[in-house]
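K.L.:
With the sequence up front, the predicted model follows.
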Number of protein chains: 2
Amino acid sequence: MAAPIRVVACEVKDIRFPTSLEKDGSDAMNKAPDYSSPYVILKTDSQLEGHGITFTVGKGNEIVCHAIKVLSKMVVGVELSTIYNDFGTFWRSLTSEDQMRWLGPEKGVMHLAVAAIINALWDLWAKVERKPLWKLLADMEPEKLVSTIDFRYISDALTKEEALSILKKQQSGKKDREKHIKEIGYPSYTTSVGWLGYDDVKLRRLCKEALSQGFTRFKAKVGADLEDDKRRLGIIREEVGKDKILLVDANQRWEVQEAIEWMKELAQFDLTWIEEPTSPDDILGHAKIAKELNPLGIGVATGEQCQNRIVFKQFLQADALQFCQIDSCRLGGVNENLAVILMACKFGVPICPHGGGVGLCELIQHLSIFDYIAVSGTLEKRVVEYVDHLHEHFLTPTVINNGSYIPPQAPGYSITMKESTIKSNEYPNGSVWQKLIKDGVYTV
Amino acid sequence: MAAPIRVVACEVKDIRFPTSLEKDGSDAMNKAPDYSSPYVILKTDSQLEGHGITFTVGKGNEIVCHAIKVLSKMVVGVELSTIYNDFGTFWRSLTSEDQMRWLGPEKGVMHLAVAAIINALWDLWAKVERKPLWKLLADMEPEKLVSTIDFRYISDALTKEEALSILKKQQSGKKDREKHIKEIGYPSYTTSVGWLGYDDVKLRRLCKEALSQGFTRFKAKVGADLEDDKRRLGIIREEVGKDKILLVDANQRWEVQEAIEWMKELAQFDLTWIEEPTSPDDILGHAKIAKELNPLGIGVATGEQCQNRIVFKQFLQADALQFCQIDSCRLGGVNENLAVILMACKFGVPICPHGGGVGLCELIQHLSIFDYIAVSGTLEKRVVEYVDHLHEHFLTPTVINNGSYIPPQAPGYSITMKESTIKSNEYPNGSVWQKLIKDGVYTV
């Protein structure tokens, strides 16, 4: 990466989609989300641009945009080699700036903002190298890859040396695995069948559709009403059969004991995991739930609101999760996701990233494909979430074939939105929003 | 509280103090803080106003102000009885709004913003009742007090019924304890002697001054350089003598194992606690440190960056802290502090609030005095931080006598700033900042 390219500007767009009108994405905790994205465009003094996003569910998207603008001062004017030659240090400069660190540290609004900028920098790096992100990562020398990670506060669980050793061990079979994953695609599950707001007719129709598309793993939302959960899980099992994998997601609805009792009632539907049974901050609570549900064959999955590598570290140390749901936008971008992927590998816990929202599926496929080729070397118990929403807004949307993600080939991190979408969905002045405001459906 | 008063407006001011010029507040992690406050004024249709703050260390103060403005839409127009008759529910409506919850949940920028609004509402309530906040709380019926708390995600550690029972048990001796605390004041310790940026001459002078003011408990910053720590702690011990209490604070500087090793080197100075040895998110790390340092008679203190009651719950469950440093502005205001005070009481851990910054001492004295009168009923091992900075900017600043906080008597939460300060220190247009900008000392 010798080309002397410099970041010269950082544009931030407040992009929103009125998904709440359709009840797409409704669950026990998020009743009416408007999937939204603070969208970053890093302009350089070359032809190349880095595009990056983070994700919110509507209100407050502008607060994250504001935070990105403040942080962007630390990126604009910087030469790319300064960043990529010691990316771990640059990452820490963004997350631990002397005064702004107080606003987190490394969590919430500030960390979402960091994610958007960092994701854009990786998109740019992958474009410079003319590779899709997963291949940039998979081809990278172990020493180089490890240099992008900030090991602060995780060295008691994973040292730099241990991370190196994991990567070096997998060097030999990389070419074979790359070939293999291009042939078969990365296994996914679909969440599109099971949102709370859908009626039974729609539920049956969506199950049939998903089956016909080749999906063999299905996720349903639970937690609002026990009897309703039983009825809906019964319908899904009827439609998909006994041999398919069924996952459930409570979106943090329960207290610890309540989670255990509720899930004992639902165990009859042969569930592989319960996702987000309680507060994402409650490591010890999840550990207790995991211990109680283990005899029923149900694992705990969580991570989409797990704030940083330090909390993931403890989830792993406490046996509090059996499926590690990294999020490309909740963690501080690719660098911190690499830290968690390597920690999870050491602890023998499979990476099963959080998808959905807008653009999350486009991003996470890269991370899981990299995990397979260069870190874990296996697909066992691993699966990437797929939600069939909003892909049409991206230049290179995900490609799903027979229930699997086909590895993207275009250079970058697959997150560039169509210009027409950026124009129409910018809030509140884009045409989509202006129409809704004019029609009285929304008020700003 | 029958008076039909309504909130009619919420003003938000970005107030900052250029403390970095003096190195006040310098520590191993925060090298040059500019103590700052997003400042809230809730106007009502009566004469009364509620004032509230949260706290940052400079940059990004405007992001929190932005978040407050977004949240304020949920307060303006609301009648006070609606809030105070079911404050727990109102609190949850702010922290768990359907779409904005995604930005935390209950942490970072959004939670700091919640704190400012909630603190202003308690200031207003205390003014309506013509009582200082501590007395409003101490006089409150247990059922009423418990109704202000959101028990979501902590019921496995403290149920509503247990909280009630703690409060009811202490009803009998309240009058005596109120009398007692008015006579002797609430014990404090001083942090003013031990910031990293001070030279030895200043250090000795400050120790002598603090002793002459009656302080018997002293805190020093550590963690940047082991030999320098030894030298400075040696000087402090020389100055204050062997019988005084000495505390140290690493401000999150260390890895887990590093903290243990470093503190073993410092144990010779007879230290009561090590504060913030590592990441505030690392519950299991703190538990390990606490276990290793216990034989040396050193306890772990933490909390000023503990994001919410759920994380405090786990610190208590895991024996990860021996001194519980609640923060009036990091947690979501008074309501969540009450939850933590009651949990700590159940677990037998003393409350020792975090002071300093700007206005924190003014606020926390109320919480500790309430704890003594109505919850724990004891002063044993309990101490409130005192830092001698920026008190002159408040209408009713803290009063320290012989190293103890004298209970404030003015109605409210003691946080109203002088109008002249609000004018001069508003960023960036106040006269203090305009001069610094003109002189080229600061750039916006």
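P.N.:
Arrived safely.

K.L.:
what pLDDT does the residue in chain A positioned nearest to chain B get?
P.N.:
Nearest to chain B, among the residues of chain A, is residue A:108, at 2.4 Å (Cβ to the nearest Cβ). Every C-beta, even on glycine, is put in place using the N, C-alpha and C of the backbone. With respect to pLDDT, residue A:108 scores 98.

K.L.:
Give me the neighbour count for the closest residue to it other than its chain neighbours.
P.N.:
Of all residues not flanking residue A:108 in the chain, residue B:108 sits nearest, at 2.4 Å (Cβ to Cβ, 6 or more residues apart in numbering or on different chains). Around residue B:108 there are 29 other residues, counting by other Cβ atoms under 10 Å in any protein chain shown.

K.L.:
now the one 3 residues further on
P.N.:
Residue B:111 is surrounded by 29 other residues when neighbours are defined as other Cβ under 10 Å.

K.L.:
Let's verify it: helix, strand, or coil?
P.N.:
On the three-state scheme (DSSP: H, G, I helix; E, B strand; the rest coil), residue B:111 is labelled helix.

K.L.:
Next one: it from residue A:433, what distance?
P.N.:
Going from residue B:111 to residue A:433 by Cβ to Cβ, to the nearest Å gives 28 Å.

K.L.:
Then residue A:58?
P.N.:
12 Å.

K.L.:
list the residues that contact both of the two?
P.N.:
residue A:16 (Cβ atoms under 8 Å, 6 or more residues apart in numbering or on different chains).

K.L.:
just for the stretch 201-350 of chain A, where's the confidence low?
P.N.:
Within the stretch 201-350 of chain A, no stretch has pLDDT under 70.

K.L.:
Tell me where chain A has strands.
P.N.:
For chain A, applying DSSP state E gives strands covering A:7-16, A:36-44, A:49-53, A:186-194, A:217-221, A:245-249, A:271-275, A:299-302, A:323-324, A:384-386, A:400-401, A:404-405.

K.L.:
so which of those strands comes closest to residue A:143?
P.N.:
strand A:49-53 (23.8 Å; Cβ to Cβ).

K.L.:
what sits against the most centrally placed residue in chain A?
P.N.:
Geometric centre of chain A, nearest residue: residue A:327, 2.9 Å, by Cα atoms, centre = their mean. Residues counted as contacts of residue A:327 (Cβ under 8 Å, 6+ apart) are A:303, A:304, A:305, A:306, A:353, A:354, A:360, A:364.

K.L.:
How many residues are close by the first one?
P.N.:
What it means is residue A:303. 25.

K.L.:
Give me the phi and psi for the nearest residue to it once chain neighbours are set aside.
P.N.:
In space, and not counting its chain neighbours, residue A:303 is closest to residue A:325: 3.3 Å by Cβ to Cβ, 6+ apart. Main-chain torsions, residue A:325, degrees, to the nearest 10: phi -100, psi 70.

K.L.:
check contacts around residue A:325.
P.N.:
Per Cβ under 8 Å, 6+ apart, neighbours of residue A:325: A:275, A:301, A:302, A:303, A:304, A:306, A:352, A:353, A:354, A:385.

K.L.:
again, only this time at 7 Å
P.N.:
By Cβ atoms under 7 Å, 6 or more residues apart in numbering or on different chains, the contact set of residue A:325 is A:301, A:302, A:303, A:304, A:352, A:353, A:354.

K.L.:
Counting neighbours, which of those comes out on top?
P.N.:
Taking other Cβ under 10 Å as the neighbour criterion, residue A:302 ranks highest of the contacts of residue A:325 with 31 neighbours.

K.L.:
residues contacting that one?
P.N.:
Counted by Cβ under 7 Å, 6+ apart, residue A:302 has contacts A:275, A:276, A:280, A:286, A:321, A:325.

K.L.:
And those residues, which two are furthest apart?
P.N.:
A:286 and A:325 (12.0 Å).

K.L.:
Please, where are all the helices along the stretch 151-300 of chain A?
P.N.:
A:160-169, A:174-184, A:200-212, A:226-240, A:256-266, A:283-293 (DSSP state H, counting those that start in this stretch).

K.L.:
Would you mind listing the buried residues in the longest one?
P.N.:
When neighbours are counted by 16 or more other Cβ atoms under 10 Å in any protein chain shown, the buried residues of helix A:226-240 are found to be A:229, A:232, A:233, A:235, A:236, A:237, A:239, A:240.

K.L.:
Quick check: the third one touching residue A:267?
P.N.:
No - taking contacts as Cβ atoms under 7 Å, residue A:233 lies outside contact range of residue A:267: 10.5 Å.

K.L.:
near chain B, which residues of the stretch 101-250 of chain A show up?
P.N.:
Within the stretch 101-250 of chain A, the positions adjacent to chain B are A:102, A:103, A:104, A:105, A:107, A:108, A:109, A:110, A:153, A:155, A:156 by Cβ under 7 Å from any Cβ of the partner chain.

K.L.:
from the residues you listed, which two are the most distant?
P.N.:
Farthest pair in these, by Cβ to Cβ: A:109 and A:156, 27.8 Å.

K.L.:
Of those two, give the one with the bigger neighbour count.
P.N.:
residue A:109 (32 against 18).

K.L.:
got any ranges where the stretch 1-150 of chain A has weak pLDDT?
P.N.:
A:1-3, A:23-26, A:28.

K.L.:
same thing but at 80, please
P.N.:
A:1-3, A:22-31 (pLDDT under 80).

K.L.:
Please, where are all the helices along it?
P.N.:
A:61-72, A:80-84, A:87-95, A:108-128, A:133-139, A:142-146.

K.L.:
what's the most buried one of the ones you listed?
P.N.:
helix A:108-128 (a mean of 28; mean count of other Cβ atoms under 10 Å in any protein chain shown).
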